[in-house]
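1. Just the structure for this:
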Amino acid sequence: MGDDAGPGCRSALDAEMERAGAWPEDSPWLREAFTALPRERFAPGRLWRWDGWAYVPVELSGDPDGWLAELYAGLHEPAVTQLSGGLPSSSLSAPSVVADMLDSLRLEPGQRVWDVGTGQGWTAALAAWRAGPGLVVSTEVDERLAAFARGRLAAAGLDVEVVVGDGTAGGPPGGGRVDRLHATYAVEAVPWSWVAAVRPGGRIVYPWGRLGYVALTVGEGGRVAHGWVHGLAQFMGDRTGPAQAGTGRSAYAAVRGDAEPETSRVLDRDPAALEDWNLRFALRVAAPDAVLSTEQGADGPVVLVHDGDRSWAEVGPGADGRPVLWQGGPRRLGDELMLAWAQWDGLGRPGLYDYGVTVTPDAQWAWQGDPQDGPRWPIGGRLPAAR
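-> Numbers count the residues shown, from 1 in each chain. Prediction:
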């Protein structure tokens, strides 16, 4: 669509980002790039809106105002661009998250970038606007998305190579090392091929599993990468990896079925505290496969937890109004989370920006406070050997 489409939406987003302090001070180029390459230039003619029951199409041709409203729903709102099996499989990420992740990349002109997960091509376009012609290569596993992105990038006059392939399994197209790697889909464990693809001193910014994104710096010699959590967001998972377990009551019910609780106990903790995203993030670090949802029940807040397999837990008001933990399955998932909650309290209730990740060829782990001496949690089940 033309460059003059939706100027009101673009200016409203710019102003909303300004009011929220979402334009990164250290990367003023991003505001210019958003203006030069607005997201509608990379959006398909059909978007998908959740109506409370299912995703329904919103067509540019039939409802241009609704289409623009979906595309510019807010600075924290993604726009779903593709469904697979009735669930989102691709999107244009939320503007605030795109800006923050690209700011975390610390991208400079002349640097070579590997964009992993092209999608519609918007983040590759923004990176190319900063890096320069011929310096961004992008990998996309979906042939249709890759073809769409190539067309939109070419129409924008950008020299970006888009290659069909599994970015999780290999290196950057054309080989060699890059200065920056930007991933647009979530992985729990960082593929070592990503670290090997980035020169020492280079940066890797990626969505970490179910929640959050991390910025790693590759160390001297290229045998380690570590860095801090930089933000809180949820991303679609790696299509070639294990499917992410679903959220919400229906996913919880699929795991629990009609099973009765195997254990129950009264808690001395208020489940309403789980609205604190710093606590939620700490639980995610300690039990990355635990899927946690909250909802408002008739008598108070209810917490639903499952592991996508056979274990489940629920916290809700008991007969006397006090919160009760019920659980079942091979694991005592609720007990694991209560222990992690107590540990978080003992650590002084750190925020999500107090956590980081270290990756080596043989192991990777999350840490809190200090990468050398702080508490650690394994990623993928392995901690480093004792020093």
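
2. And the strands in the stretch 1-150 of the chain, which stretches?
-> In order along the chain, the stretch 1-150 of the chain carries the following strands (DSSP state E, counting those that start in this stretch): 46-50, 55-59, 79-84, 87-92, 113-116, 136-140.

3. Check the model's average confidence along the third one for me.
-> For strand 79-84, the per-residue pLDDT values average out at 93.

4. Can you name every helix or strand that that strand contacts?
-> Contacts defined by 3 or more C-beta pairs under 8 Å, 6 or more residues apart in numbering; DSSP states H and E place strand 79-84 against strand 46-50, strand 87-92. Where C-beta positions appear, they are placed from N, C-alpha and C, glycine not excepted.

5. so how far is the longest one from its chain's centroid?
-> Remark: strand 87-92 is offset 12 Å from the chain centroid, using C-alpha atoms, centre = their mean, to the nearest Å.

6. can you check stretch 354-373 too?
-> For stretch 354-373, the distance to the chain centre is 19 Å (C-alpha atoms, centre = their mean).

7. do stretch 200-216 as well
-> 10 Å.

8. for it, how far is the first residue from the last?
-> Across stretch 200-216, the terminal residues are separated by 11 Å (C-alpha to C-alpha, to the nearest Å).

9. how close does the nearest residue to residue 29 once chain neighbours are set aside get to residue 34?
-> Residue nearest to residue 29 in three dimensions, not counting chain neighbours: residue 130, with 5.5 Å by C-beta to C-beta, 6 or more residues apart in numbering. As judged by C-beta to C-beta, to the nearest Å, residue 130 and residue 34 stand 12 Å apart.

10. Check residue 140 too.
-> 22 Å.

11. Could you do residue 27 as well?
-> Distance from residue 27 to residue 34, by C-beta to C-beta: 11 Å.

12. Residues that sit against both of these two, list them.
-> Counting by C-beta atoms under 8 Å, 6 or more residues apart in numbering, the shared contacts of residue 27 and residue 34 are residue 99.

13. how about low-confidence regions in the stretch 151-300 of the chain?
-> The model of the stretch 151-300 of the chain has pLDDT under 70 over residues 239-247.

14. Please compute how far stretch 84-94 lies from its chain's middle.
-> 13 Å.

15. Report the buried residues of it.
-> For stretch 84-94, burial by neighbour count (16 or more other C-beta atoms under 10 Å) applies to 88, 90-94.

16. what's the first-to-last distance across it?
-> Using C-alpha to C-alpha, the two ends of stretch 84-94 sit 20 Å apart.

17. just stretch 328-337 next, same as before
-> 14 Å.

18. and residue 140 and residue 34? which has more neighbours close in?
-> residue 140 (28 against 21; other C-beta atoms under 10 Å).

19. Okay, and the beta partners of the more buried one?
-> Note on residue 140: beta-bridge partners by DSSP bridges are residue 164.

20. What residues does it make contact with?
-> 117-119, 146, 149, 162-165, 167.

21. and if we set it to 10 Å?
-> Contact analysis of residue 140 by C-beta atoms under 10 Å, 6 or more residues apart in numbering lists 90, 115-121, 124, 146-150, 162-167, 184.

22. The helices and strands packed on strand 79-84: which one's closest to residue 281?
-> strand 87-92 (21.9 Å; C-beta to C-beta).

23. Which residues does the closest one contact?
-> Contacts of strand 87-92 (C-beta under 10 Å, 6+ apart): 39-40, 42-44, 47-48, 50, 55, 71, 77-84, 98, 117-123, 140, 142, 144-145, 148, 184-185, 235-237, 239, 243, 246.

24. Of these, select the buried ones using a PyMOL command.
-> Those of the contacts of strand 87-92 that count as buried under 16+ other C-beta under 10 Å are selected in PyMOL with:
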select buried, resi 39+40+42+43+44+47+48+71+77+78+79+80+81+82+98+117+118+119+120+121+122+123+140+142+145+148+184+185+235+236+237
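
25. I am finished for the moment; much appreciated.
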